[in-house]
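Asks: Predicted coordinates and the sequence they were generated for:
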Amino acid sequence: MSPQLAQPLVIEQAGLQRRARVLWSGLDLALHPGELIAVLGPSGSGKTTLLRAILGLDRLSEGRITVLGEPVRGTGNRRVGYIPQQRPLPRDTAMRARDLVRLGVDGHRFGLPIPRRGERARVDALLADAGATEFADRPVGLLSGGEQQRLRVAQALADRPRLLLCDEPLTSLDLANQEAVVRMIDRHRREHDAGVLLVTHDINPVLERVDRILYLAGGRFSLGTPGDVLRSDVLSGLYGADVFVTRAGNRLVVVGAPDAEEAHHHHEDESA
């Protein structure tokens with residue numbers, strides 16, 4: 001099958017261990033073109049590690065992963081976009097906003113990148129989509145965390161990836177920047193039929209756009225529509241403890257999940 005026609009991501013009977021602890025095993029997942037799957041779970045449940053395995057940075061303990069019809073390799077794939085967690089750049093970073101975005105357009109080339117007319121137009125379009133035109137020539141170190149994150153999204157979308165991996169892209173952003181980032185991701189997957197796997201500790205900003213949820217907890221997982229997974233009985237079974245899913249206004253709240261409070265207030269560090 002041609003990579004252009006292949007499913008963005010297929011995971012078959014996959015498992016991964018950290019030392020003696022099983023993060024997850026027996027995972028089967030097929031991400032379809034244009035589908036958005038949110039990955040939820042407490043800190044240390046293996047969410048970031050799953051993305052690292054898809055990128056070829058962590059080796060599976062069992063099973064296999066296929067990306068766009070090809071086995072995973074750790075050498076990078078320009079048809080796969082990656083949006084990292086939001087971490088502020090140093091204030092003395094002199095690179096301009098447009099230079100950061102341009103890295104997604106021509107950063108793969110050897111030698112001194114010489115702007116080409118088509119590439120300049122592409123960078124301008126990405127900046128406009130990110131709402132960044134007005135600060136395109138400012139040093140990125142002087143921009144807010146939300147502005148920097150919108151530029152990272154623009155950079156990740158530069159090659160029109162058919163698979164987009166997002167690792168807590170909304171953490172520490174205010175509501176306006178959360179909505180801007182979600183809108184960019186959603187528009188890309190609809191216009192380019194891209195599959196999106198989005199790790200998040202809060203489902204609410206993306207709930208209306210999510211097709212399915214993968215919930216990891218206690219070495220187990222549940223995969224299905226939000227209505228299938230975000231239920232008190234399902235999550236109680238995953239955690240092996242009483243967990244309640246309730247609605248507060250237009251927000252879903254998970255109550256009683258072990259480590260849930262920590263997962264809501266801290267970034268994951270699963271690579272250790």
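Replies: Structure received. Numbering: from 1, shown residues only.
Asks: Could you pull up the residues touching the residue nearest the centre of the chain?
Replies: Closest residue to the average C-alpha location of the chain: residue 166 at 1.0 Å, with C-alpha atoms, centre = their mean. By C-beta atoms under 8 Å, 6 or more residues apart in numbering, the contact set of residue 166 is 82, 83, 185, 196, 197, 198, 199, 200. Every C-beta, even on glycine, is put in place using the N, C-alpha and C of the backbone.
Asks: low pLDDT regions in the stretch 51-200 of the chain?
Replies: Applying pLDDT under 70 to the stretch 51-200 of the chain flags the ranges 75, 106-117.
Asks: Got the phi and psi for residue 24?
Replies: phi -160, psi 160 (degrees, to the nearest 10).
Asks: Near it, how many residues? Count them for me, please.
Replies: Neighbour count for residue 24, taken as other C-beta atoms under 10 Å: 23.
Asks: measure it to residue 163 for me?
Replies: Look at residue 24 and residue 163: by C-beta to C-beta, to the nearest Å, they are 20 Å apart.
Asks: can you check residue 90 too?
Replies: Distance, residue 90 to residue 163, using C-beta to C-beta: 30 Å.
Asks: Those two - which one has more neighbours?
Replies: Ranked by neighbour count (other C-beta under 10 Å), residue 90 and residue 163 place residue 163 first, with 22 against 8.
Asks: so the more buried one sits right up against residue 82, yeah?
Replies: No - between residue 163 and residue 82 there is no contact under C-beta atoms under 8 Å: 9.4 Å.
Asks: Now do the shared contacts for these two.
Replies: With contacts defined as C-beta under 8 Å, 6+ apart, no residue is shared by residue 163 and residue 82.
Asks: one step back: possible to save the contacts of residue 166 as CSV with secondary structure?
Replies: Output for the contacts of residue 166, formatted as CSV (DSSP: H, G, I helix; E, B strand; the rest coil):
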residue, secondary structure
82, strand
83, strand
185, helix
196, strand
197, strand
198, strand
199, strand
200, coil
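Asks: Ranking by neighbours, what's the top pick from those?
Replies: Highest neighbour count within the contacts of residue 166, by other C-beta under 10 Å: residue 196, with 27 neighbours.
Asks: Quick check: bridge partners of that residue?
Replies: residue 36, residue 164 (DSSP bridges).
Asks: Can you name the residues that contact it?
Replies: By C-beta under 8 Å, 6+ apart, the contact set of residue 196 is 31, 35, 36, 37, 163, 164, 166, 185, 189.
Asks: Quickly note the distance from it to residue 22.
Replies: 26 Å.
Asks: Distance check, residue 226 against residue 154.
Replies: From residue 226 over to residue 154 (counting by C-beta to C-beta), the distance is 28 Å.
Asks: So between these two, which is more surrounded?
Replies: A direct count of neighbours by other C-beta under 10 Å for residue 226 and residue 154 places residue 154 higher, at 26 against 17.
Asks: Could you look up the SS state of the more buried one?
Replies: Under three-state DSSP, the three-state class of residue 154 is helix.
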